[in-house]
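A.B. asks: the following block contains a protein sequence and its predicted model.
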Amino acid sequence: MRTLNALLLGCCIALPAGAADGLSVALFSGAAPGEAPAPWKFATLPNKGPTKFTIVDLEGVKVLKVDSENAYGNLVHPLKAEVTDKAVVAWRWRVDHLVDNADLTQRSGEDSPAKLCVFFGFDAAKLSLGERTKLSIARSSTGQDVPTEALCYVWDNKLAVDTGMASVFTKRVRFIVLQSGSGKVGTWVAQKRNLVADYQRMFGDESEGKVPPVTGVSVGADTDNTHANSLAYFGDITLTP
């Protein structure tokens, strides 16, 4: 239940005018140093050290610094957007310190120095009784809404690039490994993903070919299972169209 409970989502917000052409998700580059701008919200679990999220000036550009030391946390941005066939999520990220002994295939090692998740509003009534029960417990224990589906792009330290898998904690969260190993550590990497293709690949067993609305995005890092530390940075995130 760790990952399920932690992916908390506040009330959805309507897209601004002109969002049909593209949505900038509360730009880090335009924020003042310090806390991330609204409507970004921090979410974690009880009895966990918090991953630290800070807007910093790096090489003359404001970016989000993500620092985790035996900690867990997500920075969540609520949204409400229908998904078109050409929907793309794009961002850039940089990892300066990988998570020692991370292993996404094991509960004892399911940590990552950087991950970006997109939440989808899948109809919970279509889930099995067991999955609905887990969601109900998660929502009751946290007092907040919890996404029914979360597609997370991760920077891993060992799995092959393009590996796709469900979280070992919950099938409500599914991972795609975009970067792996130390070859690009300390280097900015730009990412651009087709949401429809990735959603159908990872949640096609549930969706019957239909992609639910996007209900939020999050960035995060966690080192609570390996009791290690990590350091990463995120640039601006956009959703288009």
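C.D. replies: That came through, no problem.
A.B. asks: how distant is stretch 54-73 from the center of its chain?
C.D. replies: 15 Å (CA atoms, centre = their mean, to the nearest Å).
A.B. asks: let me see the contact set for I237.
C.D. replies: S24, V25, V89, A90, W91, L116, V217, V219 (CB atoms under 8 Å, 6 or more residues apart in numbering). For glycine as for every other residue, the C-beta is placed from the backbone atoms N, C-alpha and C.
A.B. asks: what's the spacing between the residue most central in space within the chain and Q200?
C.D. replies: Against the mean C-alpha coordinate of the chain, by CA atoms, centre = their mean, the closest residue is C117 at 2.4 Å. For C117, the distance to Q200 (CB to CB, to the nearest Å) stands at 17 Å.
A.B. asks: likewise K80?
C.D. replies: 21 Å.
A.B. asks: what helix or strand does V196 sit in?
C.D. replies: helix 195-207 (DSSP states H and E).
A.B. asks: rounded mean pLDDT for that helix, please.
C.D. replies: Across helix 195-207, the average pLDDT comes to 92.
A.B. asks: okay, the angle between whichever helix or strand comes after that helix and helix 195-207?
C.D. replies: Heading C-terminal from helix 195-207, the first helix or strand you meet, by DSSP H and E, is strand 214-222. With axes from the mean of the first three to the mean of the last three CA atoms, to 10 degrees defining the directions, strand 214-222 sits at 100 degrees from helix 195-207.
A.B. asks: and strand 214-222, which strands flank it?
C.D. replies: strand 71-81 (antiparallel), strand 112-120 (antiparallel) (DSSP bridges).
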